[in-house]
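>>> Need coordinates for the below:
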Amino acid sequence: MANSLPQVTHRYQHHHLDAPSWERYTPRPDDIVITTSIKSGTTWMQAIILQLIFQDLEPRSVDDFSPWLERRRSSADEMFALLEAQTHRRVIKSHLALDGVPYFPQVKYVVVARDARDVFMSLWNHYSNYTDEQYDNVNNTPGRVGDPIPRCPDDIREFWKNWITCGWFGWESEGYPFWGNMHHIQTWWDYRHLPNILMVHYNDLLTDLSGEIQRVADYLEISVSPEMLASITDLVRFDSMKQKAEQFVAGAEHSFKGGPQTFINKGTNGRWRDVLTEDDLALYHAAVARELSPDCVMWLENGRLSAQP
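Take a look at the predicted model:
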């Protein structure tokens, strides 16, 4: 892959995703795309990059300033009109694997990843708190391709087994009923040598937030003073974002029981150690063997190892 560029080989469409929306996207030379599988620090990175762009220390609703481009909705016209009207440097959210989204050399990609077991714990909080309104939105908005998303099981272990052993799409073997978590990160990892793809690990954001913000700023060619860097770091620490959750994720009360405080939950890793059994972990290791290269596994499970070749 060292001499090739990414190509779209799969079409992601279901209850949440409408990947063909990217066919309407016209990139600007300084656009930024933040991509994660799910529950890996998406909102966190959106808040960080928006602060680096504006440098005014004002919390912003990520949905308004950094829209999820391929999210299925009743009409994409409003979202694209919002994007076109933005005069600041644009920040776009995506959950698509690199085999399902057009690649643009002029766009800067920031890929945030996390140990799959930590992703699962956060996803359980996310999915198990869906409101009836959220189920109605994802299942009954016209244009859905395929089956509706099922209700979250009451048993966390049932959800784990489904999520780690089944894929919604035929080319995936995990991630049900959303999309592949490991598959997503492996597609981006394979092209991490490209100069416009930056890999960021959730662990590193937890352990050295200021250093990672500076690394992102350097990659995006954004100047930030030491004083502003310290202020941004304080604003986007997890406890600070939790306190201002209604400003960062306005409207989340329609989708999640408990609203923004549920959406921005704990921000910690390792909780899976008290939940997953040896049998559960055997399923995890089998999924790793199916989906991930050894170097990608090493990085995902540890962080702090360079993601750049």
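
>>> When you work out contacts or count neighbours from here on, use the C-alpha atoms and nothing else.
Noted.

>>> all strands of this protein, in order?
32-35, 91-94, 108-113, 197-201 (DSSP state E).

>>> Next up, the contacts around S75.
Going by Cα atoms under 8 Å, 6 or more residues apart in numbering, S75 touches no other residue.

>>> Tell me both backbone torsions, phi and psi, for it.
As for S75, its main-chain torsions (degrees, to the nearest 10) stand at phi -150, psi 130.

>>> contacting residues for G100?
By Cα under 8 Å, 6+ apart, the neighbours of G100 are Q7, V8, T9, H10, R11, Y12, A19.

>>> let's see 10 Å
Contacts for G100 (Cα atoms under 10 Å, 6 or more residues apart in numbering) come out as 6-13, 19-20, 22, 184, 187.

>>> filter the residues you listed to the buried ones?
Buried members of the contacts of G100, counted by 16 or more other Cα atoms under 10 Å: P6, Y12, Q13, A19, P20, H184, T187.

>>> Pull up the gap between the residue nearest to the second one when sequence neighbours are not counted and N140, please.
Computed as Cα to Cα, 6 or more residues apart in numbering, the closest residue to Y12 that is not its neighbour in sequence is A19, at 5.3 Å. As defined by Cα to Cα, to the nearest Å, A19 lies at a distance of 18 Å from N140.

>>> what's the answer for V111, then?
Distance from V111 to N140, by Cα to Cα: 31 Å.

>>> Those two: which has the busier surroundings?
Taking neighbours as other Cα atoms under 10 Å, V111 and N140 compare with V111 leading, 25 against 13.

>>> right, and the more buried one touches L198 too?
Yes. With contact defined as Cα atoms under 10 Å, V111 and L198 form a contacting pair (6.0 Å).

>>> neighbours of the closest residue to F256 other than its chain neighbours, just the number please.
Of all residues beyond its chain neighbours, the one nearest F256 is Y130 (4.8 Å), with distances taken as Cα to Cα, 6+ apart. Neighbour count for Y130, taken as other Cα under 10 Å: 19.

>>> Next: I49.
By other Cα under 10 Å, neighbour count at I49 equals 23.

>>> Could you do P150 as well?
9.

>>> what about the closest residue to it other than its chain neighbours, distance to I164?
Closest residue in space to P150, ignoring its immediate chain neighbours: P177 at 7.5 Å, by Cα to Cα, 6+ apart. P177 sits 10 Å away from I164, taking Cα to Cα as the criterion.

>>> what does S74 give?
Applying Cα to Cα to S74 and I164 gives a distance of 31 Å.

>>> So those two - more neighbours on which side?
Set side by side, S74 and I164 show more neighbours around I164, with 26 against 14, by other Cα under 10 Å.

>>> surely the more buried one meets L276?
No. I164 lies out of contact with L276 (Cα under 10 Å); the separation is 11.9 Å.

>>> Mutual contacts of those two, please.
R117, Y284.

>>> Run a quick neighbour tally on D147.
Residues lying near D147 (other Cα under 10 Å) number 10.

>>> do the same with T268
13.

>>> Okay, helices next: where are they in the stretch 1-150 of the chain?
Counting by DSSP state H, counting those that start in this stretch, the stretch 1-150 of the chain has helices at residues 42-54, 62-65, 77-85, 116-128, 132-140.
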